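Peer 1: Mind looking at a prediction? Sequence and model below.
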Amino acid sequence: SAVISQKPSRDICQRGTSLTIQCQVDSQVTMMFWYRQQPGQSLTLIATANQGSEATYESGFVIDKFPISRPNLTFSTLTVSNMSPEDSSIYLCSVEDDRAYAGYTFGSGTRLTVV
Amino acid sequence: GEDVEQSLFLSVREGDSSVINCTYTDSSSTYLYWYKQEPGAGLQLLTYIFSNMDMKQDQRLTVLLNKKDKHLSLRIADTQTGDSAIYFCAERAGGYQKVTFGTGTKLQVIP
């Protein structure tokens, strides 16, 4: 299965600023997925990023708040814009395993604290 | 829509068996998964089961699926302290790539 490098692993940010999270995959993948895991909660899909097209956002998430780039088949970024303390979460990128039945492979996550 | 629920917490003694339960609502689920999340880490796929199976065993892990009741369980035999983590069940509905995750069960293993 793919190996994903995600950075930064953690950050503490001031409210009103923005943070860009990067994910690098060691193989070419069609789709990359971005998830949010709020404290003590499950994973919520933010958006699906396809190379060469705009990301598809889930209900409750908008491009202005979470702009995504997907410049090639091995890389994607998620920006958390104009942050507030409510954005404090773990953000995870993932790709589908090349064995379709085997689910997703995840990056190690970015733990974001907004103060 | 899909809904996947788990109990929040489970505590077991080292060497005992752990059973983590999960219920889901989408009858069109094709694959069901168990993921493990250790502190400060991403999610690691532990095992999966096709919806046309009712049991799968992989070393210390046994997955049981009751399609009628939409109930999935993960049994960990001879639980070790290294098994302490949060365990998520997840389902993938047929025809879609979206995977819905449960609320997670925190397993605490007492030495």
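Peer 2: Received, thanks. Numbering: from 1, shown residues only, chains lettered A, B, ... in the order given.
Peer 1: what residue ranges in chain A score low on pLDDT?
Peer 2: Residues of chain A meeting the criterion pLDDT under 70: A:98-102.
Peer 1: How about the residues of it by chain B?
Peer 2: Counting by C-beta under 8 Å from any C-beta of the partner chain, the residues of chain A close to chain B are A:4, A:6, A:9, A:31, A:41-43, A:45, A:48, A:92, A:94, A:96-97, A:101-109, A:111. In this view, the C-beta of every residue, glycine as well, is placed from N, C-alpha and C.
Peer 1: Now the buried members of those.
Peer 2: The neighbour-count criterion (16 or more other C-beta atoms under 10 Å in any protein chain shown) marks A:4, A:6, A:31, A:42-43, A:45, A:48, A:92, A:94, A:96-97, A:103-109, A:111 among these as buried.
Peer 1: Give me the secondary structure label for the closest residue in space to B:Met55 that isn't next to it in sequence.
Peer 2: Excluding the flanking residues, the one nearest B:Met55 by C-beta to C-beta, 6 or more residues apart in numbering or on different chains is B:Leu64, at 5.5 Å. Put simply, B:Leu64 is strand when judged by DSSP: H, G, I helix; E, B strand; the rest coil.
Peer 1: and stretch B:12-32 with chain A, contact?
Peer 2: Yes. For stretch B:12-32, a contact with chain A is found by C-beta under 8 Å from any C-beta, at B:Tyr31.
Peer 1: got the end-to-end distance for that stretch?
Peer 2: In stretch B:12-32, first residue to last residue: 24 Å (C-alpha to C-alpha, to the nearest Å).
Peer 1: Quick one: distance of that stretch to the chain centre.
Peer 2: 4 Å (C-alpha atoms, centre = their mean, to the nearest Å).
Peer 1: Might one say that A:Ser27 is in contact with A:Ser1?
Peer 2: No. Judged on C-beta atoms under 8 Å, A:Ser27 makes no contact with A:Ser1 at a distance of 9.1 Å.
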